[in-house]
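Student: A predicted structure for the sequence below; I have some questions about it.
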Amino acid sequence: MSAVIENHEHDHHGPQKGILRWLFTTNHKDIGTLYLWFSFLMFLTGGAMAMGIRAELFEPGLQLMDPIRYNQLVTMHGLIMIFGAVMPAFVGLANWLIPMQIGAPDMALPRMNNLSFWLLPSAFIILLSTAFMEGGMPGFGWTFYAPLSTNYPNIAYFVFAVHIMGISSIMGSINVIVTIMNMRAPGMTLMQMPLFVWSWLITAYLLIAVMPVLAGAVTMLLMDAYFGTSFFDAAGGGDPVLFQHVFWFFGHPEVYIMILPAFGITSHIISTFSRKPLFGHSSMVYAMVSIAVLSFVVWAHHMFTVGMPLAAELFFMWATMIIAIPTGVKVFNWVATIFKGSITYETPMLFAIAFVVLFTIGGLSGLMLAITPADFQYHDTYFVVAHFHYVLVPGAIFSIMAAVYYWLPKWTGNMYDEKMGKLHFWLSFIGVNVTFFPQHFVGLAGMPRRYADYALQFAEWNAVSSIGAFLFGLSQLLFLYIVIKAVFAGKKATAQVWDGAEGLEWTVDSPAPYHTFETPPKVNG
Amino acid sequence: MESKTDNFQKYYVPEKSAIPIIFAVSVFFAGFGAANAITGNGSTMLLLGMLAVVITMSFWFSVVMKESKAGLDTPQLNNSYVFGMGWFIFSEVMFFFAFFGALFYIRQFAVPWLGGEGEKGLAGELLWPEFEATWPPMITPEQSIMGNQAVTKGPDESMYLHGISGIIKWLPLWNTIVLLTSSGTVHFAHIALKENNRKRFNFWLGITVCLAFIFVILQAAEYYEAYAHLGLTLNSGVYGTTFFMLTGFHGMHVLIGGIFLLTQLFRSTGFKHFTEKEHFGFEAASWYWHFVDVVWVCLFLFVYII
């Protein structure tokens, strides 16, 4: 099914001037931009908290803050980075790219699209407002395990903030699914869809399936904390472990929500700069679908040490390890795409290659953690922290940066500063590895996570890790500078931008017109 | 032959709109107000926020109806609404899934372990030696050692059917009959609408709305009974918890679905909305109603019978 724009005077005028354009917009590009800037703001906020954490951990002992403040920073860093930085960034990219990549004029439900963005600031103002209340910000870890969280002050604000984030995500994903299913250019079959679109379609299904479960989890928490129910209270016949089951049933698919769009982005970029079509397009799709399906049956590998029956431990161990197969398919496909390509190393390609290498490292440490008996040793140590930061920072975040560099010329019409981009890449790459690689060592040596202080033997590697973190943190200001510079000035970009790039978004001008496709483009079947 | 553009359907891009951001701000006040109310900081903000949410939502829907009346809706946009409603209902299913999952876990694992069953029962055996695992647990683990000093005490009586003689006065059965009937009547209304018989449509839809509110009233009576005579409250251990949370959220959805259907009835009687081909508002409401019905069947099975 296809479409042309009904409203012609609309097109000639283009965007409205002034702030109202951003408040009232129904345009997918404007909303995508809002999402991306909001995400960057949250990235800096959560990043500043990480700097606080690393400053405290620079040497043993308590220097800068009391343990309660430290716990609050750890908790808010996690919540902000997951719900405020990574997820909105991917939604922003989805808004910008999906209509352009499938040849649609806009998202299917434009007003709801605007609503799902504006709910996010609402949610985060509620969450952050607890900083100014008696009892302070949540300090129970982003996983908010009961009964620690049910005995915590101000948890009601956290609960309603999470509810609003959930509503926003569900509406966003409904919009993505409807757009993809209903608005593809005539002739574009599902299998012909670009991989970024595929990855988001699968992500949207995951979101719709698990965000309501998160809503259920926080609701049970709220009832236990304020209305005397006994979901997580053994004295009344409940079980604190039940909380962990409900939470991780949401939590594990959530992890893949934060990485599947990254798979899509990486596939595009590696293919473009290797000047070869992607190796194994359909196997990439099947791999992503398998990963998504498996993500529903592996949740309890986050809770091996909680005391589960042996059969459950074994089942979740094997189920988790099976995920390595589709993930391996993806990694080998990327490598096979690079193989014998005529490769150039522009900034997006550098980030994409770093993604493949470093995400694989994170994946391998994940495989170690999946082994139940070994996990009894690693559980809640810095090894886990190193593992998930390897998949999230040089995984999700690097892919977002790669995507921004790759599509920025299409968005702004200007090329970014290539030299500065490369500098940003190398500083980030070195910073990330210096920060997180030593955390493997201290973790294996037994340093527990979520403490403001640590034993003396971990001092050297923690100092190294903190220096790396400051380097990584500061180099992101360079990223801000590069993006702002490209928005206002820079070499004009052509429509094609990258000579190896393929896809509908490269057939329109740079910057892309306010409404991209007024008549549906032709797609060769 | 058609000209080239005629092959394509027209696509309606709505103009910029202030409604979404006003809605988001209303949700902010409702959410912040709800947290305020629960933590004992007054409920004014909650009430104002909820009011703003309801007003904005009604206004938004009325705009969509106006656009539909003006013929701006295309089959494509209609399709988007159909898909959108479908996936919204799926997300609601997953919300209930979380609570049913909790119920199954508690019944299958948590309570037996507390009663000392199997390898995992060791801790339960040490902590609450007197506690016996039954469903529903009429005596909570805490009560089994503290007696009447316990904070969380089990109910005096459960909601299960006690002996076949009481079946006539057993409300859950009547609730089931009411809801299943209403699923039928809403379907009859749909058939009438497709046959363009507005009178019959209004009749069956009216019956459905009545049944919806009868259900809510019966449910309220059941809650009153539980609190006043059975000692079954939100605080009566894990049975009270799961019972009230599952039936409570379901009841809330019945209320929302009932209001949803009532709106469609007003649209039909007051404004002559809907034709035999275009009646998405009613269709969406009826899907929602069938969903609420299915959830009830599961509730009836797993909360009242098994």
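Tutor: Okay, I see it.
Student: outline the domain layout of chain B.
Tutor: Each domain of chain B is listed here as a residue range: B:12-73, B:74-305, per automatic domain parsing.
Student: of these, which approaches A:Met220 most closely?
Tutor: Nearest of the domains of chain B to A:Met220, taken as CB to CB: domain B:74-305 at 6.7 Å. In this view, the C-beta of every residue, glycine as well, is placed from N, C-alpha and C.
Student: please name the nearest non-neighbouring residue to the closest residue to chain B within the stretch 151-300 of chain A.
Tutor: Scanning the stretch 151-300 of chain A for proximity to chain B using CB to the nearest CB identifies A:Gly216 as nearest, at 2.8 Å. Leaving aside its sequence neighbours, A:Gly216 sits nearest to B:Ala98 (CB to CB, 6 or more residues apart in numbering or on different chains; 2.8 Å).
Student: got the contact list for that neighbour?
Tutor: A:212-213, A:215-217, A:220, A:246, A:249 (CB atoms under 8 Å, 6 or more residues apart in numbering or on different chains).
Student: packing partners for the biggest helix by length in chain A?
Tutor: Assignment by DSSP state H gives helix A:195-226 as the longest helix of chain A. Contacts defined by 3 or more CB pairs under 8 Å, 6 or more residues apart in numbering or on different chains; DSSP states H and E place helix A:195-226 against helix A:87-102, helix A:155-182, helix A:240-257, helix A:260-274, helix A:281-294, helix B:75-105, helix B:237-271.
Student: ok, now how distant is the residue of chain B found nearest chain A from A:Ser295?
Tutor: Nearest to chain A in chain B, going by CB to the nearest CB, is B:Ala98, at a distance of 2.8 Å. Distance of B:Ala98 to A:Ser295, computed by CB to CB, to the nearest Å: 16 Å.
Student: kindly report the same for A:Gly228.
Tutor: 34 Å.
Student: which of the two has more residues huddled nearby?
Tutor: Comparing A:Gly228 with A:Ser295 by neighbour count (other CB atoms under 10 Å in any protein chain shown), the higher total belongs to A:Ser295, at 25 against 17.
Student: those strands in chain B, which residues are they?
Tutor: Ranges of strands within chain B are B:9-11, based on DSSP state E.
Student: low-scoring pLDDT stretches of it, where are they?
Tutor: B:1-12 (pLDDT under 70).
Student: any idea which residue sits dead centre in it?
Tutor: B:His253 (2.1 Å; CA atoms, centre = their mean).
Student: residues touching the nearest residue to it once chain neighbours are set aside, list them.
Tutor: Leaving out its chain neighbours, the residue that sits closest to B:His253 by CB to CB, 6+ apart is B:Val292, at 5.1 Å. Counting by CB under 8 Å, 6+ apart, B:Val292 makes contact with B:179, B:250, B:253-254, B:257.
Student: go on, B:Leu230?
Tutor: B:155-159.
Student: what subset of those is buried?
Tutor: B:155, B:158-159 (16 or more other CB atoms under 10 Å in any protein chain shown).
Student: now the helices for the stretch 251-400 of chain A?
Tutor: In the stretch 251-400 of chain A, the segments counted as helices under DSSP state H, counting those that start in this stretch are A:260-274, A:281-294, A:310-322, A:324-338, A:347-370, A:372-378, A:382-391, A:398-412.
Student: would a markdown table of these with mean pLDDT be doable?
Tutor: Putting those into a markdown table (pLDDT from 0 to 100) gives the following:
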| stretch | mean pLDDT |
| --- | --- |
| helix A:260-274 | 97 |
| helix A:281-294 | 97 |
| helix A:310-322 | 96 |
| helix A:324-338 | 97 |
| helix A:347-370 | 97 |
| helix A:372-378 | 95 |
| helix A:382-391 | 97 |
| helix A:398-412 | 97 |
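Student: select, out of those, the one closest to chain B.
Tutor: Across the helices of the stretch 251-400 of chain A, closest to chain B is helix A:310-322 (CB to the nearest CB), at 8.0 Å.
Student: which secondary structure elements does the closest one contact?
Tutor: Checking 3+ CB pairs under 8 Å, 6+ apart, helix A:310-322 ends up next to helix A:347-370, helix A:372-378.
Student: related to what we said a few turns ago, farthest-separated two in the contacts of B:Leu230?
Tutor: B:Asp156 and B:Met159 (11.7 Å).
Student: pull up the overlap in contacts between the two.
Tutor: B:230, B:232.
Student: show me what from the stretch 151-300 of chain B comes close to chain A.
Tutor: Within reach of chain A by CB under 8 Å from any CB of the partner chain, the stretch 151-300 of chain B has these residues: B:151-152, B:234-235, B:237-241, B:244-245.
Student: for these, which two are the farthest from each other?
Tutor: Distance extremes for those: the farthest pair is B:Val151 and B:Met245 at 18.7 Å, using CB to CB.
Student: between the two, which one's more packed in?
Tutor: B:Met245 (21 against 14).
Student: so what's that one closest to, chain neighbours aside?
Tutor: B:Phe99 (5.9 Å).
Student: and for that neighbour, the neighbour number?
Tutor: 23.
Student: next one: it from B:Tyr239, what distance?
Tutor: 14 Å.
Student: okay, A:His10: pLDDT?
Tutor: pLDDT, A:His10: 45.
Student: equivalent analysis for A:Met1, please.
Tutor: 37.
Student: now A:Lys17
Tutor: Predicted confidence (pLDDT) for A:Lys17: 77.
Student: ok, now which ones touch it?
Tutor: Counting by CB under 8 Å, 6+ apart, A:Lys17 has no contacts.
Student: do B:Leu246 as well
Tutor: B:Leu246 neighbours (CB under 8 Å, 6+ apart): B:96, B:99-100, B:103, B:299, B:303.
Student: what's the burial count for the closest residue in space to B:Lys272 that isn't next to it in sequence?
Tutor: Nearest non-adjacent residue to B:Lys272, counting by CB to CB, 6+ apart: B:Arg198, 7.7 Å away. Neighbourhood size, B:Arg198 [other CB under 10 Å]: 16.
Student: A:Ile170 is in contact with A:Met211, isn't it?
Tutor: Yes: look at A:Ile170 against A:Met211 with CB atoms under 8 Å: they come within range, at 5.2 Å.
Student: can you tell me the helix or strand for A:Asp499?
Tutor: Counting by DSSP states H and E, no helix or strand carries A:Asp499.
Student: that one: how many residues sit nearby?
Tutor: The burial count for A:Asp499: 11, using other CB under 10 Å.
Student: grab the nearest non-local neighbour of it.
Tutor: In space, A:Asp499 is closest to A:Arg275, 7.4 Å off (CB to CB, 6+ apart).
Student: ok, residue 24 - contacts?
Tutor: Unless you meant another one, I'm taking chain A. Neighbours of A:Phe24 in contact, by CB under 8 Å, 6+ apart: A:16, A:114, B:16-18, B:20-21.
Student: oops, I was thinking of chain B
Tutor: Contacts of B:Ala24 by CB under 8 Å, 6+ apart are A:115, A:118-119, A:121-122.
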